[in-house]
Each structure stands twice: as structure tokens, then as C-alpha cells.
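**Q** Quick one, what's the 3D model for this:
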Amino acid sequence: MPSSPLVPIDPAARPFTALMAVPTVLAALARRPRTTAVLATLTAGVTLFFRDPDRGPDRTPILDPDLVLAPADGMVVHAGPAQPGIAPGGEWQQVSIFLSLLDVHINRAPYGGRITAVEHRPGRYLAAYRAASATRNERTQLTVEREVDGHVRTVVFRQVVGQLARRIVTRVAAGEQVATGQRIGLMKFGSRMDVFLPTDATLRVSVGQRVVAGETVLAAFGSPDAR
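**A** Numbering: from 1, shown residues only. Now for the predicted structure:
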């Protein structure tokens, strides 16, 4: 739970809250209590979309170099071999997470290391739960590399917008170091996160499972027996 009674709100909410607040104030000045109440509720709903829960007992990253954590809150819609035509070149496993309007939309790094590439591509706004959205929608792809025991591990993840999401916010750049579970940006209004993992990682999630950013383990490196 958040460390204070008030849930922190990401600064990206400010223009949306201000826009929604104007008709609310006008309705209040016009002494229309029902309209004011409805508009105030909508304003609060839009603002809460940008909530950014503090790390606490339920959102503390596991600082283990062998673990990959969920980069977003939501439901797993794919977990297994990479879907044809969606993954980067090479052999990968893929975990895809669909974020509904009710989910927290702050995104976190699934794996710590050095960001080696950040690529933004414009595109369409298909429903984010559709596989085609991964390659046709507007998206930002990030690549992170980390050396462990002389071997470089590479994890690729994508912020993908959906029908209602119209903007991706990415707050890290190539060359930066990130920690597993670190905040890296957000997607506005309904979206999808894809994570591509090397084939030697063992997946820990399944389709239909709900995951929590910076907490749920998506996959683990190393042999299952060793772990």
C-alpha cells in the first residue's frame, strides 16, 4: 500500500485534470449540484488514472539478477514462444500484458542493466489485446543489457498504445543505467506491454494471470534445479 493516505499522482495528469476541472467549476458557479457532482467524479477518475503507488510491502522490487519482473500492472494475454512477426530478430520468449483503464499505467523496467536502445515508432491505435497491435500500433521499444558472470543478458520490452491510449511517455534514454523495477514512463489510457526474453529464461507466469509492476516475477534465468 502507499506510504501515505493519498496515492501519489504522476505529473502527466496535470493538463488532463485542469481540462476536466474547468466545466466542473463552471457547473458549481452555476449552482447545478448534480452536474457538478458528475463532473467532479469524472475529474477524479481521470486524475486517478495517473496514480503512481509508492513502493511498499506490495510493490517492492526483488533485487535478484536472475529475476525478470512485470513492467506493468495488468493481465497476461500471451506467455510462451514469441508470436510470429512480433518479436525482434532471433529466438525469443514473449510475455504480453494488457492494461485496462482501471490498471495503474506507470511502467517499470522488467530487468536492470544498461539501456542500449530506445526506438519510438508511430502507428495505428488498434485494440491493445490484439496481437496485431504489437507491430501496427504506436510503440516504443527498449533494449536493456546486463552482464552476469561474464555473460550478457538481453531483455527487450515495448510500450504499446491501444484504442484509447494516444501517447507514450518514456523517461529513460539509451546509455542510462536502470534498476529492475525502476519507473521508466507511462502510457496514457489503455495499452499493452510486451517483454521479450532469451530462450534460456524460465517463464513464471501464464495466460490469464494478473501481474503487478515491480513485484510479480515474469521469468527467471538459470536452471530450475539451481534455483
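
**Q** where do the helices sit along this structure?
**A** For the chain, helices defined by DSSP state H occupy the ranges 14-29, 33-49, 133-136.

**Q** looking at those helices, which is buried most?
**A** Each of those was scored by mean neighbour count; the highest is helix 133-136, a mean of 20, by mean count of other C-beta atoms under 10 Å. Any C-beta I mention is one placed from the backbone N, CA and C, and that applies to glycine too.

**Q** Using TSV, please lay out the helices of the chain together with mean pLDDT.
**A** As requested, those are exported to TSV (pLDDT from 0 to 100):
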stretch	mean pLDDT
helix 14-29	78
helix 33-49	75
helix 133-136	67
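
**Q** got these as TSV, with distance to residue 208 columns?
**A** Listed next are those as TSV, based on distance: least, C-beta to C-beta, whole Å:
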stretch	distance to residue 208
helix 14-29	31
helix 33-49	24
helix 133-136	19
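
**Q** Looking at those helices, which is nearest to residue 103?
**A** For residue 103, the closest of the helices of the chain is helix 33-49, at 9.2 Å, according to C-beta to C-beta.

**Q** now for that closest one, which elements pack on it?
**A** Packing contacts for helix 33-49, counted by 3 or more C-beta pairs under 8 Å, 6 or more residues apart in numbering; DSSP states H and E, involve helix 14-29.

**Q** which residues of this protein score low on pLDDT?
**A** Residues of the chain that meet the criterion pLDDT under 70 lie in 1-6, 13, 16, 45, 47-49, 54-62, 124-135, 162-166, 189-190, 223-227.

**Q** Which stretches in this structure count as strands?
**A** 67-69, 74-81, 93-99, 106-108, 113-121, 139-148, 151-161, 168-170, 177-178, 183-187, 191-197, 202-203, 210-211, 217-220 (DSSP state E).

**Q** From the rest of the structure, what touches the first one?
**A** Residues from elsewhere that reach strand 67-69 (C-beta atoms under 8 Å, 6 or more residues apart in numbering): 61-62, 108, 110-111, 155, 180-181, 195, 197, 201, 213-221.

**Q** Any quick PyMOL command for the buried ones out of these?
**A** In PyMOL, a selection of the buried entries from the contacts of strand 67-69 looks like this (16 or more other C-beta atoms under 10 Å):
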select buried, resi 61+108+110+111+155+180+181+195+197+201+213+214+215+216+217+218+219+220+221
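
**Q** Residue 92: which of the helices of the chain is closest?
**A** When the helices of the chain are compared for distance to residue 92 using C-beta to C-beta, the nearest one is helix 133-136, at 12.3 Å.

**Q** in stretch 92-103, what counts as buried?
**A** 92, 93, 94, 95, 96, 97, 98, 99, 103.

**Q** ugh, wrong one, I meant stretch 143-150
**A** 143, 144, 146.

**Q** Can I get the strands of the chain in JSON lines including distance to residue 24?
**A** Below are the strands of the chain laid out as JSON lines (distance: least, C-beta to C-beta, whole Å):
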{"stretch": "strand 67-69", "distance to residue 24": "38"}
{"stretch": "strand 74-81", "distance to residue 24": "30"}
{"stretch": "strand 93-99", "distance to residue 24": "27"}
{"stretch": "strand 106-108", "distance to residue 24": "25"}
{"stretch": "strand 113-121", "distance to residue 24": "34"}
{"stretch": "strand 139-148", "distance to residue 24": "33"}
{"stretch": "strand 151-161", "distance to residue 24": "27"}
{"stretch": "strand 168-170", "distance to residue 24": "25"}
{"stretch": "strand 177-178", "distance to residue 24": "38"}
{"stretch": "strand 183-187", "distance to residue 24": "24"}
{"stretch": "strand 191-197", "distance to residue 24": "27"}
{"stretch": "strand 202-203", "distance to residue 24": "46"}
{"stretch": "strand 210-211", "distance to residue 24": "33"}
{"stretch": "strand 217-220", "distance to residue 24": "40"}
